[in-house]
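Participant: Structure, please.
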Amino acid sequence: MSADSEDIGSETPENTGKSTIKLDNKDKEILRLLNENARLTSKSIGASTNISREVADYRIKRLTKNGLISGYITLVNDRKLGYQAYVLLIQLQNYTSADEKNIISHLKEHKHIKWVLKSSGDWDIQTAIAAKSTIHLAKIIDEIDTICGKNLLSYELTPVVHLLVPENLTFMLKAKEKVLDPKDLPQINKDITCELEDLDQKDRRLLKALATDARAPIVKIAQQIDLSADATNLRMKKLQKTDVIKKFQTVVDLSTLNYLLYSVFLKINNYGPKRETQIRTYLHSLTNITFAERIIGKWDMRLQISCTTPQEFEKILQSLREFLAEDLKYYNFALMIKEYKRVSYTEGMADTD
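Facilitator: Next comes the predicted model:
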């Protein structure tokens, strides 16, 4: 089968003169599979989507060339490595485009920041931090304060407790919303107590190699950490088995498809295990809820909603308000404009563990 056959997605020029990528169902299924496991081979993806390995490989390269796939990261268990994750919401003041660019550039380079996002709303920048202790956290916050300087108006800091809905692309597949039973939900590790893993330098170098290149061939990774391919593969499997590595995930830039992404923060009364299960079940039934996590502090929950229009977002938000009814104390949201950084195993973890 040739690369230009009708089984390959097509590119269509916009009125602006730029190319925009059009996805067919094969492309969307490939993205879904890669999001579940970025290390799936082209052969395996081809078998799952009923296309050849060559066509699967071509499509993946094409999605990367067009900027829809922006990378492959390895998700790690922060607590297994002695870290706590925090969400930091930053509000700026009296800043120019040059100020914003400088602040974002420095935040991207910070070795303990996992995520940097420009947003519109009450928060200009959203970040995620990994800290070993409150003293370490204070040091990181002081450094961010210095980076923002006179342009920092305020910030909100909230610890991440656990995942509620794994990041997903189900909304792209247009699956029908359905009523779920709580027993059908995927298991989540709440890490009430979490035993630290004793990692040696080879393990750390392996995690560093996989951090931003999770799809790298095992031979390439083995060369980077000076081990055989078999030994490297065994270490990788051990890190997965002990839950140090949680997932190999594809980073997808949905803005290239003109999707709208919103961060939604909720404060919920009477929050407890039973109510959380009810809410989580409901969130899993909504295909536009593409991520959710439990946090504490001013907010109890952070969601990501993906949709095509502001009207669709308002409809989803109204559904959430109606489901939570009297339990919803207050909420806020921000339009996610551009993601500048996303890693899970930071340079700081590699340097100081």
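Participant: So which residues of this structure form helices?
Facilitator: 25-36, 42-49, 53-65, 97-109, 134-148, 201-211, 218-225, 229-241, 273-285, 310-324, 347-352 (DSSP state H).
Participant: what would those look like in a markdown table with mean pLDDT and mean neighbour count?
Facilitator: Yep, even glycine has a C-beta here, placed from its N, CA and C like the rest. Output for the helices of the chain, formatted as a markdown table (pLDDT from 0 to 100; neighbours: other CB atoms under 10 Å):
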| stretch | mean pLDDT | mean neighbour count |
| --- | --- | --- |
| helix 25-36 | 93 | 19 |
| helix 42-49 | 96 | 17 |
| helix 53-65 | 95 | 18 |
| helix 97-109 | 98 | 15 |
| helix 134-148 | 98 | 15 |
| helix 201-211 | 95 | 19 |
| helix 218-225 | 95 | 16 |
| helix 229-241 | 96 | 15 |
| helix 273-285 | 93 | 16 |
| helix 310-324 | 96 | 14 |
| helix 347-352 | 82 | 16 |
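Participant: Columns distance to Met172 on top of these, output as JSON lines?
Facilitator: Converted to JSON lines, the helices of the chain look like this (distance: least, CB to CB, whole Å):
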{"stretch": "helix 25-36", "distance to Met172": "5"}
{"stretch": "helix 42-49", "distance to Met172": "14"}
{"stretch": "helix 53-65", "distance to Met172": "12"}
{"stretch": "helix 97-109", "distance to Met172": "27"}
{"stretch": "helix 134-148", "distance to Met172": "34"}
{"stretch": "helix 201-211", "distance to Met172": "26"}
{"stretch": "helix 218-225", "distance to Met172": "30"}
{"stretch": "helix 229-241", "distance to Met172": "27"}
{"stretch": "helix 273-285", "distance to Met172": "16"}
{"stretch": "helix 310-324", "distance to Met172": "14"}
{"stretch": "helix 347-352", "distance to Met172": "31"}
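Participant: between the ones you listed, which one is nearest to Phe248?
Facilitator: Among the helices of the chain, helix 201-211 comes nearest to Phe248, with 7.5 Å by CB to CB.
Participant: what about that closest one, distance to the chain center?
Facilitator: 20 Å (CA atoms, centre = their mean, to the nearest Å).
Participant: what sits up against it?
Facilitator: With CB atoms under 8 Å, 6 or more residues apart in numbering as the test, helix 201-211 has contacts from 73-74, 76, 199, 216, 221, 224-225, 227, 232, 235-236, 239, 244-245, 248, 343-347, 349-350, 353.
Participant: coming back round to it: tell me which of the helices of the chain lies nearest to Thr158.
Facilitator: helix 134-148 (11.9 Å).
Participant: Nothing else from me, thank you.
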